[in-house]
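Asks: When you get a sec, could you give me coordinates for this:
(one chain, ligands or ions: 1)
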Amino acid sequence: MTVDKIPPGPGQACCSLSKKRVGILVAVCCVAILSTYMYSLNCCKSRTEAPLKLKTSNSPSFHKMPIFAKIKANTRMPEPSVNATQSVGIAAVKQTVFVHQLLQPQNPSPTNQDDLSSLSSWSSVYDEADDDLDLVPERAAFKPQGKWKRRLPKVIIIGIKKGGTQALLNFLKAHPEVTASGKEVHFFDRFYERDLEWYRRAMPYSYENQLTVEKTPSYFVTPQVPKLIYRMSQDVKFLLVVREPVARAISDHAQSLEKGKTTPFEEKAMLDPRKCSVDESWSAIGIGLYSLHLTRWLKYFPLDQFLFVSGKNLVANPGAEMGKVQDFLHISRTLTEKSFVFNETKGFPCLRTDENGEVRCLGKTKGRPHNPVDPRVRACLAEFYRPYNEQFYNMTGINFHWEE
Ligand SMILES: Nc1ncnc2c1ncn2[C@@H]1O[C@H](COP(=O)(O)OS(=O)(=O)O)[C@@H](OP(=O)(O)O)[C@H]1O
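Replies: Residues are numbered from 1 along each chain as shown. Just a heads-up that it's a prediction; the model follows:
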């Protein structure tokens, strides 16, 4: 018996058509459900990441928070406990307390209206001026990657005041893999009542494959700064330009003379010159106690996150010193001996900016002439600094030979 295929009637045709429609409908529904699911996944992700991002500090309520609550909101990791063995042995109790008091930040108080108004005008001027400074690097060897935007610094020149920090910053700025803020930002020692978003906006534009650098030499001696930087990031690299502390103090004093102060160096530095008694309360002396300041930093960051740049070598052999800096920052050795020209009139190296021999030196305020200082006072100060210097050599593992 053969079974003939029966042609479909009108009802059956209608049925197979509606099956097709149902199929399409199901497919559309599946796509819709899937995309809703993906979208919600994304939302959840960004919501969980939010506390780690700068967006936290954008919320209006964030600005009303007290300063330490703000710090908490931006905290990523628990703080390290203070290791007693890391404390400086030679610092007598008197000195430790003394230096601590001496180095209390002379910051504008966040409640002081005058200070706040000067902050905001400074900030707006800054934004405009800084964009001009940072041109898109178009040098042949550099291939920009990622977005062109402002980023928090990965490298901070934390000091030492009068060590040669501006020279280091200017040299680094000539490197295509580096962008740097034009001015000292002072976020961690003066303007911390502002948030990280403010700090980021104070930075120049950069590509993803560039390092953002800022320099504020007072960070090194301001007690709260290591902790505050640690709360921002534990991966920051620090550059510290060091200089023999007596020469540093004299340079500091030369700057104050230019600002209108008149007391001679010897008078400021000595309580009693006959007894060789040093006035440690003078900030120009206190800044030179490098081992005490470094101790505070090492409570938060390991030694290998610091590079101790010799201010002396930066003048005598800038190519070699910059080689160490570039290696430490893992950037190409673009700056070499050939990048510098010694300017006999200025007595300092200057930067060769292009092939045509254009040379740029630091301004008049860097490399000032110093008044002669009484050799007996110099000798007293050298003796005063000796134990601190030795301790600094031990801590860093570098003998800077400042006694010679
Ligand atoms: N290339 C070059 N040109 C000019 N000056 C140079 C250079 N390299 C290092 N120095 C030394 O830098 C000293 C100023 O240090 P800082 O830039 O750290 O000063 S500041 O803290 O920013 O005020 C400055 O100190 P003074 O000589 O007392 O002015 C210089 O000795």
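
Asks: Only C-alpha atoms from now on, for both contacts and neighbour counts.
Replies: OK.

Asks: And the residue of the stretch 251-400 of the chain closest to the ligand?
Replies: Gly367 (3.3 Å; Cα to the nearest ligand atom).

Asks: From what I see, that residue and Lys346 are in contact.
Replies: Yes: between Gly367 and Lys346 a contact is recorded at 7.2 Å, counting by Cα atoms under 8 Å.

Asks: tell me the contacts of the residue of the stretch 251-400 of the chain closest to the ligand?
Replies: By Cα atoms under 8 Å, 6 or more residues apart in numbering, the contact set of Gly367 is Lys346, Gly347, Phe348.

Asks: swap in Ala320?
Replies: Asn313, Thr336, Glu337.

Asks: Show me what counts as buried in stretch 183-202.
Replies: 185-202 (16 or more other Cα atoms under 10 Å).

Asks: so which of the residues you listed are also by the ligand?
Replies: Contacts with the ligand are made by none of the buried residues of stretch 183-202, judged by Cα under 6 Å from any ligand atom.

Asks: Of the residues you listed, which belong to helices?
Replies: Leu196, Glu197, Trp198, Tyr199, Arg200, Arg201 (DSSP state H).

Asks: out of these, who's nearest Lys261?
Replies: Taking Cα to Cα as the measure, Tyr199 is the one of these closest to Lys261, at 32.7 Å.

Asks: in the stretch 301-404 of the chain, which spans are strands?
Replies: For the stretch 301-404 of the chain, the strands defined by DSSP state E, counting those that start in this stretch occupy 306-310, 340-343, 348-352, 359-360.

Asks: out of those, deepest packed?
Replies: A comparison of those by mean neighbour count, using mean count of other Cα atoms under 10 Å, puts strand 348-352 on top with a mean of 21.

Asks: Parallel or antiparallel, list what pairs with that one.
Replies: strand 340-343 (antiparallel), strand 359-360 (antiparallel) (DSSP bridges).

Asks: which other residues reach the longest one?
Replies: With contact meaning Cα under 8 Å, 6+ apart, strand 340-343 is reached by Pro318, Gly319, Phe348, Pro349, Cys350, Leu351, Arg352, Val359.

Asks: One more: the last one?
Replies: In this structure, residues lying in contact with strand 359-360 by Cα under 8 Å, 6+ apart are Val341, Cys350, Leu351, Arg352, Thr353.

Asks: rewinding a little: near the ligand, from the contacts of strand 340-343?
Replies: Answer for these near the ligand (Cα under 6 Å from any ligand atom): Phe348, Pro349, Cys350.

Asks: Could you find the closest non-adjacent residue to the last one?
Replies: Among residues not flanking Cys350 along the chain, Cys361 sits closest, at 4.4 Å (Cα to Cα, 6 or more residues apart in numbering).

Asks: do the second one as well
Replies: Of all residues beyond its chain neighbours, the one nearest Pro349 is Phe342 (4.1 Å), with distances taken as Cα to Cα, 6+ apart.

Asks: where does that neighbour land on pLDDT?
Replies: The model reports Phe342 with a pLDDT of 95.

Asks: And for Val246?
Replies: pLDDT, read off for Val246, is 98.

Asks: and it, which of the three is it?
Replies: Per DSSP: H, G, I helix; E, B strand; the rest coil, the local secondary structure of Val246 is helix.

Asks: burial count for it?
Replies: By the measure other Cα atoms under 10 Å, the count of residues near Val246 is 21.

Asks: Right, I'll leave it there.
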